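Enquirer: take a look and give me a structure for this.
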Amino acid sequence: MYTEDDPMLTPTHLAFVVFLGLILALDKHEWFVAVMFGVFVDIDHVFGLQRYVEANGYSAIMAASWDDGTGEPWKSLMHYPVGVVIVAPLAIGWRFMLPLLFWGSHLGLDYLQTATLAHAAVVESIFLSAVIVGIFAVSFLSWRSTRSAGDVRQYLQYLGRSLRSMLYLDPA
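Expert: This next block holds a predicted model:
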């Protein structure tokens with residue numbers, strides 16, 4: 001049973017950050033900001049973890065709900081709209097709105113799950129699948145724009161070569 005405090009899973013947040021970052025063609029500094037505000041906002045859950053394990057045991061970490069029944073929040077201010085008092089000055093100080101955009105997307109994804117509690121796992125699975133397809137599509141279109149011709153098969157071959165090269169599996 002899901003409760004109001006169940007967040008969307010981190011892989012879903014990360015995939016959405018990657019998708020949005022690819023669409024926006026971020027540079028390495030902007031990627032850092034995107035991941036910090038779109039994914040690492042969840043680091044606050046680590047601080048509530050000890051209390052949760054003490055109250056419920058280690059096996060409860062795999063439970064569908066992380067409601068430990070104490071009534072104490074295990075999320076920081078950054079998981080609520082009032083967190084804008086922290087994020088807005090950072091966005092202004094960095095002279096770009098990426099912190100607000102990615103933090104807002106994090107809140108939006110968590111709200112989506114809260115709004116669909118009865119079907120949260122299905123909704124998240126569909127959303128994550130759509131985002132992964134989106135990442136592939138944006139990456140393919142970006143790759144194809146650098147070539148005069150190319151199809152999906154050639155792109156998959158390119159990805160395979162790139163992966164082998166990154167993992168040092170290509171014979172030199």
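Enquirer: spatially nearest residue to D42 (excluding sequence neighbours)?
Expert: T10 (5.9 Å; CB to CB, 6 or more residues apart in numbering). Bear in mind the C-beta positions are built from the backbone N, C-alpha and C, glycine included.
Enquirer: hmm, that neighbour is touching F40, no?
Expert: No: assessed by CB atoms under 8 Å, T10 is found out of contact with F40, at 9.4 Å.
Enquirer: on that earlier part again, how close does the residue nearest to D42 sit to V41?
Expert: Remark: distance between T10 and V41 (CB to CB, to the nearest Å) = 10 Å.
Enquirer: those two: who's more crowded?
Expert: V41 (23 against 12; other CB atoms under 10 Å).
Enquirer: need phi/psi at Y80.
Expert: Here is the backbone geometry of Y80 (degrees, to the nearest 10): phi -130, psi 160.
Enquirer: state the number of residues packed around S129.
Expert: Neighbours of S129 under the rule other CB under 10 Å: 11.
Enquirer: same question for A55.
Expert: Burial of A55 is recorded as 12 neighbouring residues (other CB under 10 Å).
Enquirer: I'd like the distance between it and G93.
Expert: 39 Å.
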